[in-house]
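Engineer: Model the structure of this input:
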Amino acid sequence: MKLLEGKTALITGAARGIGKAIALRFAAEGANIAFTDLAVNEETRDEISALGVKCKSYASNAADFAETEALVKQVKEDFGTIDVLVNNAGITKDGLMLRMTEQQWDAVIGVNLKSAFNFIHACVPVMMRQRGGSIINMASVVGVHGNAGQANYAASKAGMIALAKSIAQEMGPKGIRANAIAPGFIETAMTAALPDAVREDWMKKIPLRRGGKPEDVADVALFLASDLSSYVSGQVIQIDGGMNM
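Structural biologist: Below you'll find the predicted structure:
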């Protein structure tokens with residue numbers, strides 16, 4: 001039997017990159033997939049559906065509380081259950097603190113951290129009625145050790161870690177688990193756009209001397225979503241090739 005057979009996973013920001021890799025990995029293990037992005041993405045939806053599961057794409061401003069509540073209600077109506085929530089939606093607006101604008105700070109905190117609050121707040125009642133669920137917050141290694149020029153992003157990702165730990169404590173008695181994943185340098189369109197000098201500096205810090213793949217993150221997400229991790233909650237798993245030991 002497949003690891004997520006008959007379950008429904010709601011994944012935010014999953015039209016591309018790490019979110020898409022997670023959606024495809026979950027679908028390969030039998031999960032029905034509801035995923036969000038700024039606009040409906042039929043191409044990704046069709047790719048996931050081709051794996052033989054139910055899949056629906058939703059347009060969403062994840063930082064909007066009321067919109068999120070309505071979206072989660074619709075997902076519940078469309079799929080019947082919400083067994084796994086992956087808070088993956090995220091943006092960057094980098095800059096040194098002395099030059100960072102209030103808009104840059106608010107935008108990153110809103111999309112990266114407030115969106116996780118929005119979706120957890122909406123999904124927890126569903127999971128409580130089901131007496132179980134797995135919540136996965138996509139953090140980052142910079143949320144563990146910080147990063148110059150990314151105070152807003154690092155703060156949002158540190159918040160994702162603390163949020164997961166707090167929800168794990170609150171919701172554990174209800175059978176709901178919450179964990180965080182902290183990827184390091186993962187080969188995505190975002191990292192591909194970095195200057196060669198920056199990429200080379202990253203590689204020197206990674207004992208494995210290579211970047212990770214979105215599929216590396218997806219494999220760990222599958223572990224946390226499935227019963228393989230039924231006694232794992234409140235944890236942060238770093239996927240960074242040994243960079244942050």
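Engineer: now the spatially most central residue of the chain: how far from Asn112?
Structural biologist: By Cα atoms, centre = their mean, the chain has its centre lying nearest to Asn88, at 2.5 Å. As for Asn88, its distance to Asn112 is 10 Å (criterion: Cβ to Cβ, to the nearest Å). Using the backbone N, CA and C atoms, a C-beta is placed for each residue, glycine as well.
Engineer: And for Gly159?
Structural biologist: The gap separating Gly159 from Asn112 is 8 Å, by Cβ to Cβ.
Engineer: OK, contacts around Glu47?
Structural biologist: Glu47 is in contact with Leu24, counting by Cβ atoms under 8 Å, 6 or more residues apart in numbering.
Engineer: Is it in a helix, a strand, or coil?
Structural biologist: Applying DSSP: H, G, I helix; E, B strand; the rest coil to Glu47 yields a three-state assignment of helix.
Engineer: Could you spell out the sheet neighbours of the strand ranked longest in the chain, each with its direction?
Structural biologist: Scanning the chain for the strand with the most residues, using DSSP state E, yields strand 176-183. Strand 176-183 has the following strand partners under DSSP bridges: strand 133-138 (parallel), strand 236-239 (parallel).
Engineer: where does the residue lying farthest from the centre of the chain land in three-state SS?
Structural biologist: When each C-alpha in the chain is compared with the mean C-alpha position (Cα atoms, centre = their mean), Leu98 comes out farthest, at 29.4 Å. Taken by three-state DSSP, the conformation at Leu98 corresponds to coil.
Engineer: mind checking how far it is from Gly149?
Structural biologist: The span separating Leu98 from Gly149 equals 11 Å under the rule Cβ to Cβ.
Engineer: and if you look at Val75?
Structural biologist: Going from Val75 to Gly149 by Cβ to Cβ gives 36 Å.
Engineer: same check, this time on Met245
Structural biologist: Between Met245 and Gly149 the distance is 23 Å, computed by Cβ to Cβ.
Engineer: Check Ala34 too.
Structural biologist: Ala34 sits 35 Å away from Gly149 when distances are taken as Cβ to Cβ.
Engineer: So these two - more neighbours on which side?
Structural biologist: It is Ala34, of Ala34 and Gly149, that has more neighbours when counted by other Cβ atoms under 10 Å, with 26 against 14.
Engineer: hang on, the more buried one is in a strand, isn't it?
Structural biologist: Yes. Counting by three-state DSSP, Ala34 is part of a strand.
Engineer: Can you name the residues that contact it?
Structural biologist: Contact criterion Cβ under 8 Å, 6+ apart gives 8-11, 55-56, 58, 75, 78-79, 82 as the residues in contact with Ala34.
Engineer: how about the helices in this structure?
Structural biologist: If DSSP state H is used as the criterion, the helices of the chain fall at 17-28, 42-49, 65-79, 102-108, 115-130, 142-145, 151-171, 189-192, 196-205, 214-225.
Engineer: helices or strands next to the fifth one in the packing?
Structural biologist: With contacts defined as 3 or more Cβ pairs under 8 Å, 6 or more residues apart in numbering; DSSP states H and E, the packing partners of helix 115-130 are helix 65-79, strand 84-87, strand 133-138, helix 151-171, strand 176-183.
Engineer: and if you look at the third one?
Structural biologist: With contacts taken as 3+ Cβ pairs under 8 Å, 6+ apart, helix 65-79 sits against strand 8-11, strand 32-37, strand 55-59, helix 115-130.
Engineer: Out of the ones you listed, the one nearest Ala193 is which?
Structural biologist: The stretch from the helices and strands packed on helix 65-79 with the least distance to Ala193 (Cβ to Cβ) is strand 32-37; that distance is 19.0 Å.
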